[in-house]
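Engineer: Task: produce atomic coordinates for the following.
(chains A and B)
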Amino acid sequence: MTAANTPTTLAGQRSRSPRERLLDRLFIRLTLVLAVCTGVLLAFIVLVIAWRSLPAFQQFGLSFITHSAWNPVPGREDFGVLPMLYGTLVSSFIALLIAVPLGLGTAIFLSEDFLPPQPRMVISFLVELLAAIPSVVYGLWGIFVLIPLLQPVGQWLHTHLGWIPLFSTEPVGPGMLPASLVLAIMVLPILTAIAKDSLEALPPELRQASVGLGATRWWTIFRVLIPAAISGIIGGAMLGLGRALGETMAVTMLIGNANQLNISLLAPANTIASLLANQFPEARGIQVSALMYAALLLMLMTLLVNILAEVIINRLKAKYE
Amino acid sequence: MTTTTTVHPQVQPLLKRLQFRTLFGWVMTGLVSLCALLTLMPLFAVLGFVLVRGISRFSLDLFTKLPPPPGLSGGGFGNALIGTLIVVLLGTLISVPFGVLTAVYLSEFSNADARQKEIARWVRFGINVLAGVPSIIAGVFAYGLLVTTGIFGYSAMAAGVALAVLMLPTVIRTADEALKIVPQDVRWASVGLGASNYYTIFRVVLPAALPGILTGVILAMARAVGDTAALIFTALFSTFWPRSLLEPIATLSVLVYNFATVPYKPQQELAWAASFFLVMLILIASVASRLVIRRQVKR
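Structural biologist: Below is the predicted model:
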């Protein structure tokens, strides 16, 4: 703390009361304490959730992850989170499968000079707005617009491609397919923004050198720019994955909330986040603890993905600074 | 194409490849334009539906009446509107002092020595990861810490804490950026006149950075207004006017969630109207903060 006061000691040669100096040092201390508090808030959240999930952990152990019963009836409680874990991973995976190509394409479109800067800025802003729409509004839109729209598509997939296990069940409306589609829409903005930022952050010499050697625009993009920005693009996809894993409201409203493991994309399913949203308001006893256990798993998954994303993106920054 | 005869035979294949390249370029350009279009399509689809189905229900009653009991029509979302204001205000009151002072530390006092820099690096890392924490986890945190332990129970207070966790990263990041923009000369001038650190911060640096900080607070509030997952089992819902901060409270976002899944038409209409109102609030906040930032950059 001594060096922090260099300006103070300089000014201190003029008259400054000890009280004032004490107040000053206390103020700096206070900001430090608050900063450390917010820094460790993350760890505190994990601790609180882990502490509350302890009873369920003692009762079910690690088999909670591989078990697929969910029975909150008092006296016969039995909990396993496998179907929800599967639903979380599969819905996020499908969402990324759709969103990564779209987001990368949009990022290229916005970082090249196909349009003058002004309209490009407007489009970037509109893509950002996509992230500002609340999850619950996407859910409402999904229930009344997307699901009716997808019903004939699902029916067609089932009648013509029903022999593929992915489409083996009759479409009932809510299910994995509409939930994954809305998830894709919701992770698009973050993916696009980060891919675009990392493409724009590349030094112009890379492009100039490539074009100077006679490469076309698209050769430059595919062989020079994308490889150079790849860590930013992957980092953006990871951040998108983190959001998709924990996205709750829209998924809860569209996925059907069936605690079953079904390979078909047309069947209702569940995710950990929607399980929490559905059951916490009425949970009692050991069920609360089981839900906390599920929340802990979700938290650890998103933490892992987000930390990886952070590290990857920082590495790109370090390379070109 | 009459000039083809003059082309040297060795150049011929090169010309052909050039044509393929051009075609490939066109196709790819078309593809990425299509990507941009497909990305924007959901925005207009959602905004359009919310506008069309939400605006028809707008009247003064909407803001002054309670939601109707199942089966009846009319009514409004007055209690949820006030509830949202209360909960978001609580979240702001908790997150802004923490957030702004953390940002003050990060940008003003953390450059002192190697140890401080290390602390600041870790705090920044923690905040960045915190920004990726799903809102339902913030809800679970408040539920585990405040609701089941009986400290607050299902209440506006617990919901405010959950929202504060979600708002904190945005507040800190934008305040940090806003403080960095303040020119160093201003600080030197203040300290040179004999002002102490806290006087410099509160009377000189923070006022200069105020527009940027406010922008961040507005952005964080916009996010909190639309958030639902953190509220469904901390604030729950109520069909009455809010009376105390320690009771379950209605909010607009939870109202949309609850009423979207009931089979009654008036309730569904209310859900669309509330969605429209939420989206409008958030769009206005986003555009306004964008304008403030642009004006600052220009200056």
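Engineer: Find the closest residue to chain B in the stretch 151-300 of chain A.
Structural biologist: Closest contact between the stretch 151-300 of chain A and chain B, by Cβ to the nearest Cβ, is at residue A:246 (2.4 Å). Any C-beta I mention is one placed from the backbone N, CA and C, and that applies to glycine too.
Engineer: what's the burial count for that residue?
Structural biologist: 27 (other Cβ atoms under 10 Å in any protein chain shown).
Engineer: got the contact list for it?
Structural biologist: By Cβ atoms under 8 Å, 6 or more residues apart in numbering or on different chains, the residues touching residue A:246 are A:273, A:298, A:302, B:133, B:134, B:135, B:136, B:137.
Engineer: of all those, which comes closest to residue B:242?
Structural biologist: Here the nearest of the contacts of residue A:246 to residue B:242, counting by Cβ to Cβ, is residue B:135; it sits at 21.6 Å.
Engineer: What's the local residue count around the closest one?
Structural biologist: Residue B:135, neighbours per other Cβ under 10 Å, totals 25.
Engineer: and what of residue B:186?
Structural biologist: Applying other Cβ under 10 Å, I find that residue B:186 has 13 neighbouring residues.
Engineer: quick one: it from chain A, how far?
Structural biologist: Distance, residue B:186 to chain A, using Cβ to the nearest Cβ, to the nearest Å: 13 Å.
Engineer: thought that residue was touching residue B:207?
Structural biologist: No. Using Cβ atoms under 8 Å, residue B:186 is not in contact with residue B:207; the gap is 10.0 Å.
Engineer: show me where chain A has strands.
Structural biologist: A:70-71, A:78-79 (DSSP state E).
Engineer: Residue B:70 reaches residue B:267, doesn't it?
Structural biologist: Yes. If you go by Cβ under 8 Å, residue B:70 and residue B:267 touch, sitting 7.2 Å apart.
Engineer: Pick out whichever of these two has more residues nearby.
Structural biologist: Legend: neighbour count by other Cβ under 10 Å for residue B:70 and residue B:267, higher for residue B:267 (22 against 10).
Engineer: distance of the more buried one from residue B:64?
Structural biologist: Distance, residue B:267 to residue B:64, using Cβ to Cβ, to the nearest Å: 18 Å.
Engineer: so where is chain A shaky, pLDDT-wise?
Structural biologist: A:1-16, A:316-317, A:320-321 (pLDDT under 70).
Engineer: Equivalent analysis for chain B, please.
Structural biologist: Ranges of chain B meeting pLDDT under 70: B:1-7, B:11-18, B:296-299.
Engineer: what residue is smack in the middle of it?
Structural biologist: Closest residue to the average C-alpha location of chain B: residue B:223 at 2.9 Å, with Cα atoms, centre = their mean.
Engineer: part of a helix, is it?
Structural biologist: Yes. Counting by DSSP: H, G, I helix; E, B strand; the rest coil, residue B:223 falls inside a helix.
Engineer: Residues of the stretch 151-299 of chain B that sit close to chain A?
Structural biologist: Contact residues, the stretch 151-299 of chain B versus chain A (Cβ under 8 Å from any Cβ of the partner chain): B:165, B:168, B:172, B:187-188, B:191-192, B:194-198, B:201, B:222-223, B:225-229, B:232-233, B:236, B:253, B:256-257, B:260-261, B:268, B:271-272, B:275, B:278-279, B:282-283, B:286, B:290.
Engineer: Would you mind writing the PyMOL command to select the buried ones in the residues you listed?
Structural biologist: Buried members of those, defined by 16 or more other Cβ atoms under 10 Å in any protein chain shown, are picked up in PyMOL with:
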select buried, chain B and resi 165+168+172+187+191+195+196+197+198+201+222+223+225+226+227+228+229+232+233+236+253+256+257+260+268+271+272+275+278+279+282+286
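Engineer: ok so, going back, out of the contacts of residue A:246, who's nearest residue A:176?
Structural biologist: residue A:273 (14.3 Å).
Engineer: Let me see the contact set for that closest one.
Structural biologist: A:88, A:245, A:246, A:247, A:248, A:251, A:252, A:298, B:134, B:136, B:229.
Engineer: Output stretch B:258-271 in CSV with nothing but the alpha carbons.
Structural biologist: Extracted in CSV, the C-alpha atoms of stretch B:258-271 (Å, rounded to 0.1, in the frame of the first residue of the first chain):
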residue,chain,number,x,y,z
ASN,B,258,-46.8,-17.8,-15.9
PHE,B,259,-49.4,-16.5,-18.3
ALA,B,260,-47.8,-17.8,-21.5
THR,B,261,-48.5,-21.4,-20.3
VAL,B,262,-52.1,-21.0,-19.1
PRO,B,263,-55.0,-21.8,-21.4
TYR,B,264,-56.9,-18.5,-20.8
LYS,B,265,-57.0,-16.0,-23.6
PRO,B,266,-57.0,-12.8,-21.5
GLN,B,267,-53.9,-14.0,-19.6
GLN,B,268,-52.1,-14.8,-22.8
GLU,B,269,-52.9,-11.3,-24.1
LEU,B,270,-51.5,-9.9,-20.9
ALA,B,271,-48.3,-11.9,-21.5
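Engineer: what's the most centrally placed residue in chain A in contact with, if anything?
Structural biologist: Taking Cα atoms, centre = their mean as the criterion, residue A:243 is the residue nearest the geometric centre of chain A, at 1.3 Å. Applying Cβ under 8 Å, 6+ apart, one finds that residue A:243 lies in contact with A:186, A:187, A:190, B:132, B:134.
Engineer: could you redo the last one with a cut-off of 6 Å?
Structural biologist: residue A:187 (Cβ atoms under 6 Å, 6 or more residues apart in numbering or on different chains).
Engineer: cool, residue B:250 as well?
Structural biologist: So residue B:250 contacts B:79, B:80, B:83, B:237, B:238 (Cβ under 6 Å, 6+ apart).
Engineer: quick check, it in a helix?
Structural biologist: No. Per three-state DSSP, residue B:250 lies outside any helix segment and is coil.
Engineer: helices or strands up against the strand or helix carrying residue B:287?
Structural biologist: Under the criterion of DSSP states H and E, residue B:287 resides in helix B:265-298. Other elements packing on helix B:265-298 under the criterion 3 or more Cβ pairs under 6 Å, 6 or more residues apart in numbering or on different chains; DSSP states H and E are helix A:135-141, helix B:12-55, helix B:206-226, helix B:252-260.
Engineer: Those helices: which one's closest to residue A:156?
Structural biologist: Across the helices and strands packed on helix B:265-298, closest to residue A:156 is helix B:12-55 (Cβ to Cβ), at 20.6 Å.
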